[in-house]
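Engineer: pasting a predicted model and its sequence here:
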Amino acid sequence: MAATDEPATDGNSVLDLLRPKATGGLVVSFAERAGRDEVSALENAIGSGVRSVGLSDAAEINALDSEPALVFEELGVAFVSERFGLEATSSIRAKLMDTECVQNVRPEFYMFAIETFGDTAEATWGVRAVGALDSPQRIEERGEGIRLAVLDTGLDLTHPDFAGRNIVQRSFVPGQGVQDGHGHGTHCAGTAAGGRAAQSQFRYGIASNAELYVGKVLNNAGSGRERDIIAGMIWAIQQRCAVVSMSLGRPVQPGEEPAPEYERIGRLALQQGSLLIAAAGNESSRRYGFIAPVGAPANAPSIMAVAAVDQSLEVAEFSCGAINPGGGEIDIAGPGVGILSATPQPELYRKMQGTSMACPHVAGVAALWAETDPELRGQALWDKLTGTARGLDAPARDVGAGLVQAPQGQAGV
């Protein structure tokens, strides 16, 4: 969900900003239990060179980038390379769509860091609003023992607020390491699992002692291919991360159904004791009465979709809503306007706004709840978050169950 600092010069430029950006490749979803027919279908469409890989190979997807097609048979999902060109890719798509075991074939899209807007708020209001300052854990134990993954543009590994942290890291972006050259990932990681500012007692993070897993799935320009994002999602699940925060996505059209591959991964995560949490998107213009649908992958029913509220606990002007049938719900809301968190050196701190900022608030609170009870994993953790959310005046279409709330007790400061 891209944003730009440059004003559009004409109507076509505005439309270009709203259109999903295709990589040139294809995403193929097979019918459930298609089995080896998947490889045969791909070979019939593109010829030789189809590579079947297991979920455990997802972390090595960059090394497999030279393959014409990759299929994750356990998921029933395949990727066809962009190398074939537009005309050949159209022919391949037609052949696959005419194959009985194929459920759907669509273009592969880039996804984007759900970007920033203004700079207008008290720094710690989000931490206070979700009740993290009153959570029963002591500040140095917040999220203790809970694996929390942030899939984004990486992390500033030199940031003083993360010094001494044992951070598990992996880049899924070809040719780029985990070091954050954009800033979005560092900001989101700071909210979800940062602590206090190194030079003061200023607090901006939620689960400050969670075991942080950083997956770089978006490049230093803030965009990433779906194959790399899906690989990162599988990696986080296989790393047994109880919470996976994804402040990324792409716009969808009114009436567009969720992509089956994300629903399959969402269900897999819940079965494996992981909870995927994603930003709902920033495409609305509520002051003009326009509410955009929840974007992908947050629109998958088994991925928790997070809306944004402002300091008055009103729905943020840009926050997407549940207007599409068959998925696309808003499940919960988090603080998303004027959020101050970490950013790469030399700046160190910056205020940002968007559903990207709301998402890691929910992820951090999820880690606090997961710490309180080892049974709170997967669907049970989802139910705890929605069951303890603070009711808001806005309809469920806009905020789901309400504002996420941390476990309560004596002050943890």
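Structural biologist: Yep, it's here.
Engineer: which residues of the stretch 151-300 of the chain fall in helices?
Structural biologist: Using DSSP state H, counting those that start in this stretch, the helices found in the stretch 151-300 of the chain span residues 184-193, 226-238, 260-271.
Engineer: quick one: which of these is nearest Met97?
Structural biologist: For the helices of the stretch 151-300 of the chain, proximity to Met97 was assessed by CB to CB; helix 260-271 is nearest, at 14.3 Å. (Glycine included, C-beta is placed from N, CA and C.)
Engineer: Gly400 against Glu329, yeah?
Structural biologist: Yes - in terms of CB atoms under 8 Å, Gly400 counts as a neighbour of Glu329; the distance is 6.8 Å.
Engineer: overlap in contacts, those two.
Structural biologist: Any residue near both Gly400 and Glu329 by CB atoms under 8 Å, 6 or more residues apart in numbering counts here, and that gives 305, 322.
Engineer: can you tell me which strand in the protein is longest?
Structural biologist: Ordering each strand of the chain by length in residues (DSSP state E) puts strand 102-113 first.
Engineer: sorry, back to before: Gly400 and Glu329: who's more crowded?
Structural biologist: Set Gly400 next to Glu329 and count neighbours by other CB atoms under 10 Å: Gly400 wins out with 25 against 20.
Engineer: what's the spacing between that one and Cys359?
Structural biologist: Using CB to CB, to the nearest Å, Gly400 is found at 13 Å from Cys359.
Engineer: kindly report the same for Gly328.
Structural biologist: 16 Å.
Engineer: same question, Pro68
Structural biologist: On the measure of CB to CB, Pro68 and Cys359 end up 35 Å apart.
Engineer: these two - which one has more neighbours?
Structural biologist: Taking neighbours as other CB under 10 Å, Pro68 and Cys359 compare with Cys359 leading, 34 against 18.
Engineer: which helix or strand lies directly C-terminal to the helix or strand harbouring the more buried one?
Structural biologist: Cys359 is part of helix 355-372 when elements are defined by DSSP states H and E. Going down the chain from helix 355-372, the next helix or strand is helix 379-387, by DSSP H and E.
Engineer: what are the buried residues along that next one?
Structural biologist: For helix 379-387, burial by neighbour count (16 or more other CB atoms under 10 Å) applies to 380-382, 384-385.
Engineer: who are the packing partners of it?
Structural biologist: Packed against helix 379-387 by the contact rule (3 or more CB pairs under 8 Å, 6 or more residues apart in numbering; DSSP states H and E) you find helix 355-372.
Engineer: could you give the angle of the helix it packs on to helix 184-193?
Structural biologist: Angle, helix 355-372 to helix 184-193, by axes from the mean of the first three to the mean of the last three CA atoms, to 10 degrees: 30 degrees.
Engineer: how big is the angle separating helix 355-372 from strand 102-113?
Structural biologist: Interaxial angle, helix 355-372 versus strand 102-113 (the same axes, to 10 degrees): 100 degrees.
Engineer: name the helices or strands packed onto helix 355-372?
Structural biologist: Using 3+ CB pairs under 8 Å, 6+ apart, helix 355-372 is in contact with strand 147-152, helix 184-193, strand 243-246, strand 275-279, strand 304-309, strand 332-335, strand 339-342, helix 379-387.
Engineer: helix or strand with the lowest mean pLDDT in this structure?
Structural biologist: Lowest on mean pLDDT, DSSP states H and E among the helices and strands of the chain sits helix 11-18, with a mean of 43.
Engineer: in the next helix or strand after it, what counts as buried?
Structural biologist: Using DSSP H and E, the helix or strand that follows helix 11-18 towards the C-terminus is strand 22-30. Neighbour-count burial for strand 22-30, counted by 16+ other CB under 10 Å, picks out 23, 25-30.
Engineer: which residues sit against strand 22-30?
Structural biologist: Contact with strand 22-30 is made by 37-38, 41-42, 71, 76-82, 85-86, 89, 92-93, 96, 101-110, 225-227, 259-261, as judged by CB under 8 Å, 6+ apart.
Engineer: and stretch 315-335, how far out from the chain's middle?
Structural biologist: Mean-position distance between stretch 315-335 and its chain equals 14 Å (CA atoms, centre = their mean, to the nearest Å).
Engineer: how about stretch 75-87?
Structural biologist: 23 Å.
Engineer: okay, how far is it across that stretch, tip to tip?
Structural biologist: Distance across stretch 75-87, first residue to last, is 28 Å (CA to CA, to the nearest Å).
Engineer: what's the answer for stretch 263-281, then?
Structural biologist: Stretch 263-281 has an end-to-end distance of 18 Å (CA to CA).
Engineer: for that stretch, give the mean pLDDT please.
Structural biologist: Averaged across stretch 263-281, the pLDDT comes to 97.
Engineer: repeat for stretch 213-232
Structural biologist: Stretch 213-232 carries an average pLDDT of 97.
Engineer: and that stretch, which residues are buried?
Structural biologist: In stretch 213-232, the ones that count as buried by 16+ other CB under 10 Å are 213-220, 222-232.
Engineer: equivalent analysis for stretch 397-413, please.
Structural biologist: Going by neighbour count (16+ other CB under 10 Å), the buried part of stretch 397-413 is 398-407, 412.
Engineer: same question for it, mean pLDDT?
Structural biologist: Averaging pLDDT along stretch 397-413 yields 81.
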